[in-house]
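Engineer: Please work out how this folds:
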Amino acid sequence: MRKHPSLSHSLPVIGWREWVSLPDLGVNRIKTKIDTGARTSALHALEPKRIQHNGQQLVRFHLHPAQRKSKPEIICQAPLVDCRTVVNSGGQTEYRLVILSRIILAEQEQFIEITLTNRAPMGFRMLIGRTAIGKRFLVDPGRSFLVSKHLEKEP
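Structural biologist: Model prediction:
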């Protein structure tokens, strides 16, 4: 197998699912699907509402970070950066609000764009797309929780 010249073996390897933190949103941990087939990241959001605060456009929404549970509920607020039409996994076109938030994955912190949508019927409350993965990580699709097992047991 030929090595790709731009890839380094020093990149952290992540699994197809990992625990991440969203400190700006008050989320200590959320189980996330790493989806290289999706361009943009998505987060489960209920009742998203545009608001103005000190001249800045923000979005306020409710988040249930635990899969298949309505508790706990976190009320989040983040800068609105865009509104986009996105084709969801079912092939339907959705109009979504886009926020900017910090994410911590594999002890790396970065700002990413996240679309807001109701992911209640989906298996994961968050999906990280290839734009957020960038050239920061290598993904092992056959393994899980390679860099975030310690978050699994946090209260």
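
Engineer: can we go C-alpha only for contacts and neighbour counts from here?
Structural biologist: Will do.

Engineer: how about the nearest residue to residue 25, chain neighbours excluded?
Structural biologist: Leaving aside its sequence neighbours, residue 25 sits nearest to residue 76 (Cα to Cα, 6 or more residues apart in numbering; 5.3 Å).

Engineer: Give the full set of residues in contact with the one you found.
Structural biologist: 25, 26, 60, 61, 62, 63 (Cα atoms under 8 Å, 6 or more residues apart in numbering).

Engineer: Filter those down to the buried ones, PyMOL style.
Structural biologist: Burial among those is assessed by 16 or more other Cα atoms under 10 Å; the matching PyMOL selection reads:
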select buried, resi 25+60+61+62+63
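
Engineer: Which of the contacts of residue 76 sits closest to residue 115?
Structural biologist: residue 61 (12.0 Å; Cα to Cα).

Engineer: just for this protein, where's the confidence low?
Structural biologist: The model of the chain has pLDDT under 70 over residues 1-9, 149-155.

Engineer: residue boundaries of the helices in it?
Structural biologist: Here the chain has its helices, by DSSP state H, at 130-133, 149-152.
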